[in-house]
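Q: No letters, just coordinates:
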């Protein structure tokens, strides 16, 4: 009888949740106190949202615990109150950093808004059981095996409070309209959803059902009604900051340069109206960010680094939609920085007086929003000041000034029309202008993304055109087209991409390989229903042929297979297999136009996964092996990442990755005649990363990240390469081996002493780049690690104070006469 009742309950839940739920918000005349108690009369008068449905681990079942949610609003903000029923001792309460609750031992509650009701874009506001906030923008293009399509780099200023009750916990949230964007109209029609996550069972439940087998997330929201005639106040806020500290940098000639750092600037956020916001930063300082993961790059392709600067990560999804914006181009290392260092290192009579390693931005601004007809408009602009290095002759004391980067203007324009059924039409233009006219660039693109009414199939096309002007002038284009099934158990994709030989978006974007035609054919089977052993699993098979565009020639093709299993004990494992059955014709490896190098067929098998992240001890792992028909050519890779949670405040994470390639073939050097020489080399690398964080309170923590990277390259043979790409023996050349180390230590104390305001003390330490470690004397990883601490290091200590000022608050505090 009990089983029958359970089946009936599930059936009723499925029928009800198949329809879009609606919730009416209640207008209030005076704001509620954000104390987490839900004791104001307005909460009891508001319509209640309940009947949550499981998304994971048992999709479609009613939530194991009841949740009641209410929504209020006035002309200042939207208020969300939730009562989450539970047994108090079972609620997980780990302290985390802001935006850091994922895979941590903590329960949380989220509210999602689709304020334009376009089924594509949205906002997430999350509060943990310890009142730690997370927030982010929902990005339609983001895909994650675990978690939601949320870009947590976006931060807003809003209020929350949590209270632990005898029968659960309650939360109140005040989200001012300055944290949202919505169309100017009398009656708002927003999409909304609520999520509750219970860590002890890994149970994720939503108010409006979210089907994991259906493509998209925002399109599965319910509806928020009753929000009308909003007259929001002026949205204007200031974020002034001051920074002070010092930096010391060692040089190969024995000198050490010490700079005393002092800077000040301001971020401004101005709501032009309900729909559009202007974000601007004046004299920005991006010094307190995590160091880059520098590697020894033997490939012909540029290394792409992660963006860590807040201004370039927050609310930038519209500018990234076409894939033409690589924000590290803005305010990056001056193009002539390395040349100045090399000149001084090669001449002991010269000394660097100053050589800035970062291009100082004069200002940067973002204008973005969406009209009531769902047209998104974005304008980005940044101006980089001219950068000069100064070197001094030690004998004559004469100084020489060298321009390492000219005055530069970066600009992006985006027009993004949201269409029905998650579809969109987007135009993007990027432009880079440099004083002196040595090189200017302009790239335009059109992107079409269409879904059918049932959200089952997707068609996408994009076309882009690049134009370079200056000393050298040329144009290029790219085109991509795809069609696929994006929902259901059986899914597939067929796509083709063409990049012409002179297509070049690299002044403000990044392109790995031009002059290429690539195709992807993929089919997958996905099960989201728990079985006897698995909560979910999927299989996929792909074929990836690649050709040179001009002249049109075959390059290679790879067959890929993958199997993913998510076990009922919340462990997961993924098996990967690659097979390249033919000799690859690599048209880029030799860094010489018109030349080709043949590379051996190979096969690869690997596995990666993780343990149950609810436990104090959590483990990530990866192992892989590859082989080719060539003798003594094995390839190994492995990774182990243990994490231990000592208590609710402190956790320690270690990640170690190793790679060993006994037979790596590639470009070695170029002879005086310009002829490229290839080599066979043994490559070893080991990367160790330690992350530690101690959370004193929901708004105060200290974090540490230390990374050591070691890579050793030992050449065993050298080759000439004939016109067909075949390798011919070349005399052995000494002096080509490489032993490379990189070390960085980043420590930050962060105190959010007021909403939007914070104090940050940062310390950075790094291995001097001009101090290589002798690989002949120190052949092992531990030997190199020991020597790292014997070499000169750079150091930086900074203190930054950021204070949030809201215009309305200032007006209210202004004394009346």
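A: Good, I have the coordinates. Computed from a predicted structure; not experimentally measured.

Q: OK, contacts around residue 639?
A: Residues in contact with residue 639, defined by C-beta atoms under 8 Å, 6 or more residues apart in numbering, are 608, 620, 621, 622, 623, 655, 656, 657, 658. Just so you know, the C-beta spots here come from the backbone N, C-alpha and C atoms, and that holds for glycine as well.

Q: That one pairs with what?
A: Beta-bridge pairing for residue 639 (DSSP bridges): residue 622, residue 657.

Q: returning to that earlier point: I'd like to know which of the contacts of residue 639 is nearest to residue 528.
A: Checking the contacts of residue 639 against residue 528 with C-beta to C-beta, the nearest one is residue 608 at 21.0 Å.

Q: So for residue 682, what pLDDT did the model give?
A: Reading off the confidence values, residue 682 has pLDDT 97.

Q: Past whichever strand or helix holds it, which element shows up next along the chain?
A: When secondary structure is defined by DSSP states H and E, residue 682 falls within strand 676-697. Using DSSP H and E, the next helix or strand after strand 676-697 towards the C-terminus is strand 700-721.

Q: what lines up beside that following strand in the sheet?
A: Strand 700-721 sits in its sheet next to strand 676-697 (antiparallel), strand 727-730 (antiparallel), strand 738-754 (antiparallel), going by DSSP bridges.

Q: can I get the ones you listed in CSV with mean neighbour count and distance to residue 768?
A: Rendered in CSV, the data for those read as follows (neighbours: other C-beta atoms under 10 Å; distance: least, C-beta to C-beta, whole Å):
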stretch, mean neighbour count, distance to residue 768
strand 676-697, 18, 19
strand 727-730, 13, 35
strand 738-754, 18, 10
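
Q: quick check, nearest of the contacts of residue 639 to residue 327?
A: Out of the contacts of residue 639, the one with the shortest distance to residue 327 is residue 655. That distance is 25.2 Å, counting by C-beta to C-beta.

Q: ok so, going back, which among the contacts of residue 639 gets closest to residue 759?
A: Minimum distance to residue 759 across these is 29.1 Å, recorded for residue 655 (C-beta to C-beta).

Q: Contacts only, for that closest one.
A: With C-beta under 8 Å, 6+ apart as the criterion, the residues that contact residue 655 are 620, 639, 640, 641, 687, 688, 689, 690, 691.

Q: And for residue 308?
A: Neighbour list for residue 308: 289, 290 [criterion: C-beta under 8 Å, 6+ apart].

Q: make it 10 Å
A: Under the criterion of C-beta atoms under 10 Å, 6 or more residues apart in numbering, the neighbours of residue 308 are 153, 286, 288, 289, 290, 291, 292, 328, 746.

Q: So it versus residue 765, what's the distance?
A: Here residue 308 is placed at a distance of 17 Å from residue 765 (C-beta to C-beta, to the nearest Å).

Q: same thing with residue 459?
A: Noted for residue 459: a distance of 51 Å to residue 765, by C-beta to C-beta.

Q: before we move on, what about residue 570?
A: On the measure of C-beta to C-beta, residue 570 and residue 765 end up 38 Å apart.

Q: Specify the local secondary structure of residue 38.
A: With DSSP: H, G, I helix; E, B strand; the rest coil as the basis, the three-state label of residue 38 is coil.

Q: Among the contacts of residue 639, name the buried ones.
A: With burial judged by 16 or more other C-beta atoms under 10 Å, the buried subset of those is 608, 620, 622, 655, 656, 657, 658.

Q: Identify the residues contacting residue 558.
A: The neighbourhood of residue 558, defined by C-beta under 10 Å, 6+ apart, consists of 542-546, 578-582, 584, 602, 604.

Q: So for it, what's the pLDDT?
A: Confidence per residue is given as pLDDT, and for residue 558 that number is 98.

Q: who does it bridge with?
A: When bridges are called by DSSP bridges, residue 558 pairs up with residue 544.

Q: ok, how many other residues are close to residue 389?
A: Under the neighbour criterion other C-beta atoms under 10 Å, residue 389 is assigned a count of 24.

Q: Equivalent analysis for residue 94, please.
A: The burial metric for residue 94, expressed as a neighbour count using other C-beta under 10 Å, is 21.

Q: That one against residue 106, yeah?
A: Yes. Applying C-beta atoms under 10 Å as the test, residue 94 and residue 106 come out as touching, 4.4 Å apart.

Q: what sits in contact with each of these two?
A: Shared between the contact lists of residue 94 and residue 106 (criterion: C-beta under 10 Å, 6+ apart) are residues 100, 128, 129, 130, 132, 199, 648.

Q: what about the residue lying closest to residue 239 once chain neighbours are set aside, which SS state?
A: Once its chain neighbours are removed from consideration, residue 239 has its nearest residue in residue 267; the separation is 3.9 Å (C-beta to C-beta, 6 or more residues apart in numbering). For residue 267, the secondary structure call by three-state DSSP comes out as strand.

Q: Tell me which residues touch residue 267, please.
A: If a contact means C-beta under 10 Å, 6+ apart, then residue 267 has 237-241, 279-282, 284, 310-311, 314, 364, 802, 804 as its contacts.

Q: Show me the strands in the stretch 201-350 of the chain, by range?
A: Counting by DSSP state E, counting those that start in this stretch, one finds strands in the stretch 201-350 of the chain at the ranges 203-206, 222-225, 235-250, 256-271, 276-282, 350-354.

Q: picking up where we left off before, what about the residue nearest to residue 239, distance to residue 471?
A: Taking C-beta to C-beta as the criterion, residue 267 is separated from residue 471 by 37 Å.

Q: Residue 134 now?
A: In this view, residue 134 and residue 471 are 48 Å apart by C-beta to C-beta.

Q: Also residue 677?
A: Distance from residue 677 to residue 471, counting by C-beta to C-beta: 30 Å.

Q: any idea how far residue 332 lies from residue 299?
A: Using C-beta to C-beta, residue 332 is found at 20 Å from residue 299.

Q: and the two? which has more neighbours close in?
A: Between residue 332 and residue 299, counted using other C-beta under 10 Å, residue 332 has the larger neighbour count: 16 against 12.
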